[in-house]
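Visitor: Below is the structure, and that's it, no one-letter string:
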Ligand SMILES: CN(C(=O)[C@H](Cc1cnc[nH]1)NC(=O)OCc1ccccc1)[C@@H](Cc1ccccc1)C(=O)N[C@@H](Cc1c[nH]c2ccccc12)C(=O)NO
Ligand SMILES: [Zn+2]
């Protein structure tokens with residue numbers, strides 16, 4: 001089974017944060033703000049957030065803010081809900097949410113709600129339950145949920161529920177673990193989990209575990225470490241996590257590490273990346289792996305960070 005090569009993963013994260021011209025950095029260029037969130041949350045779960053210069057990170061990140069109040073994936077990029085959530089999450093890690101003009105950012109987000117309660121990701125209008133999730137998590141962290149019609153937002157998400165108990169990106173779309181996480185997290189944060197059939201959805205989710213112990217995103221697909229987050233956090237939020245074999249999943253994640261150079265891949269022997277390193281460490285945190293900080297399954301932030309926001313010091 002081996003154990004988590006903490007120091008190697010810390011070194012891996014700090015190295016890719018420094019390199020600007022590596023393949024990984026170039027590929028992730030347009031979602032660099034997401035990359036910052038994945039890298040910094042991983043470090044915090046490993047207890048090593050203090051190894052980065054927070055002022056340097058924050059000053060770079062604030063340059064990604066558009067005059068509309070939304071954040072782009074990098075400096076000069078168009079604003080989008082996905083990057084705005086990552087920016088809020090990174091500021092939360094450093095307890096610096098008040099560095100934001102909170103009303104400006106929350107007005108940007110609220111402005112993307114449509115009449116049917118759904119959310120567009122940006123001004124181009126694409127609608128997806130991912131964006132409902134990002135909008136609700138963002139506004140909850142900013143304590144500005146009053147700026148949107150929460151009832152209509154919840155009704156839209158419920159309209160995307162399928163007969164298998166899962167959720168898709170729009171009404172009638174196929175259930176997918178990523179979308180299920182988004183819808184369950186949004187319902188959890190708005191106190192609306194009574195709309196979920198926990199046994200039906202719990203069954204669909206626990207069926208994602210394959211014989212290797214890993215979790216896949218849809219029936220018949222290959223297991224992938226990032227589903228350790230999408231599926232597991234959903235199971236935890238609906239109180240059905242005991243329906244999977246946690247020990248076998250821990251072993252699968254540990255087998256996906258590159259113990260020489262650090263980092264975690266989507267499945268054993270594949271190339272590592274910061275995205276799967278984050279979702280692997282976050283998954284181990286949800287599985288209560290020893291030595292890791294607890295992470296909140298809905299906000300995808302360390303529990304101590306979430307408590308600081310909602311319950312003060
Ligand atoms: C754009 N992304 C994806 O499409 C990944 C690709 C992938 C990784 N392993 C299998 N496929 N897929 C992915 O994130 O799917 C999960 C998902 C899909 C839809 C809704 C929510 C989650 C990844 C980046 C990536 C690309 C290529 C390879 C590895 C990582 C990505 O940025 N995913 C987003 C998914 C996402 C978008 N909006 C969200 C809102 C809440 C939670 C997650 C998301 C993310 O995790 N943001 O923090
Ligand atoms: Zn993956």
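Guide: Cool, the structure landed. Keep in mind the model is a prediction, meaning the values are calculated, not measured. Numbering: from 1, shown residues only. Ligands and ions are numbered 1, 2, ... in the order given.
Visitor: residue contacts, residue 33?
Guide: Contact analysis of residue 33 by C-beta atoms under 8 Å, 6 or more residues apart in numbering lists 61, 64, 71, 72, 73, 74, 83, 86, 87, 90. Glycine gets a C-beta too; all of them are placed from N, C-alpha and C.
Visitor: Let me have these in TSV, extended by pLDDT.
Guide: Listed next are these as TSV, based on pLDDT from 0 to 100:
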residue	pLDDT
61	95
64	96
71	97
72	95
73	92
74	92
83	97
86	97
87	98
90	98
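Visitor: Tell me the one of these nearest residue 120?
Guide: residue 83 (14.5 Å; C-beta to C-beta).
Visitor: Please report the distance of the residue lying closest to residue 243 once chain neighbours are set aside from ligand 2.
Guide: In this structure, residue 243 finds its nearest non-sequential neighbour in residue 206, 3.9 Å apart by C-beta to C-beta, 6 or more residues apart in numbering. Distance of residue 206 to ligand 2, computed by C-beta to the ion, to the nearest Å: 19 Å.
Visitor: Residue 206 reaches residue 240, doesn't it?
Guide: Yes: using C-beta atoms under 8 Å, residue 206 is in contact with residue 240, at 6.8 Å.
Visitor: quick one, strands of the chain?
Guide: 264-265, 272-273 (DSSP state E).
Visitor: Now do the same for the first one: mean pLDDT, whole number.
Guide: Spelled out, it's strand 264-265. Mean pLDDT, computed over strand 264-265, is 98.
Visitor: how about it, does it reach ligand 1?
Guide: No: interface with ligand 1: strand 264-265 contributes nothing (C-beta under 6 Å from any ligand atom), its closest point being 10.1 Å away.
Visitor: In this protein, which residue sits nearest ligand 1?
Guide: Using C-beta to the nearest ligand atom, the point where the chain gets nearest to ligand 1 is residue 178, with a distance of 2.4 Å.
Visitor: Burial check on the closest residue in space to that residue that isn't next to it in sequence, number of neighbours?
Guide: Closest residue to residue 178 in three dimensions, ignoring its sequence neighbours and counting by C-beta to C-beta, 6+ apart: residue 230, at 5.0 Å. Neighbourhood size, residue 230 [other C-beta atoms under 10 Å]: 23.
Visitor: Check residue 96 too.
Guide: 16.
Visitor: ditto for residue 216
Guide: What residue 216 shows, counting by other C-beta under 10 Å, is a neighbour count of 17.
Visitor: isn't it right up against residue 205?
Guide: No: assessed by C-beta under 8 Å, residue 216 is found out of contact with residue 205, at 10.8 Å.
Visitor: Next, show the common contact partners of those two.
Guide: In contact with both residue 216 and residue 205: residue 177, using C-beta under 8 Å, 6+ apart.
Visitor: what does the average pLDDT come to for stretch 275-291?
Guide: 98.
Visitor: Neighbours of the closest residue to residue 29 other than its chain neighbours, how many?
Guide: Distance criterion C-beta to C-beta, 6+ apart; nearest residue to residue 29, sequence neighbours excluded, is residue 74 at 6.1 Å. Using other C-beta under 10 Å, residue 74 is surrounded by 19 other residues.
Visitor: Run through the residues that contact residue 74.
Guide: Contacts of residue 74 (C-beta under 8 Å, 6+ apart): 29, 30, 31, 32, 33, 64.
Visitor: Please repeat the previous calculation with a cut-off of 10 Å.
Guide: 28-33, 35-36, 60-61, 63-64, 83 (C-beta atoms under 10 Å, 6 or more residues apart in numbering).
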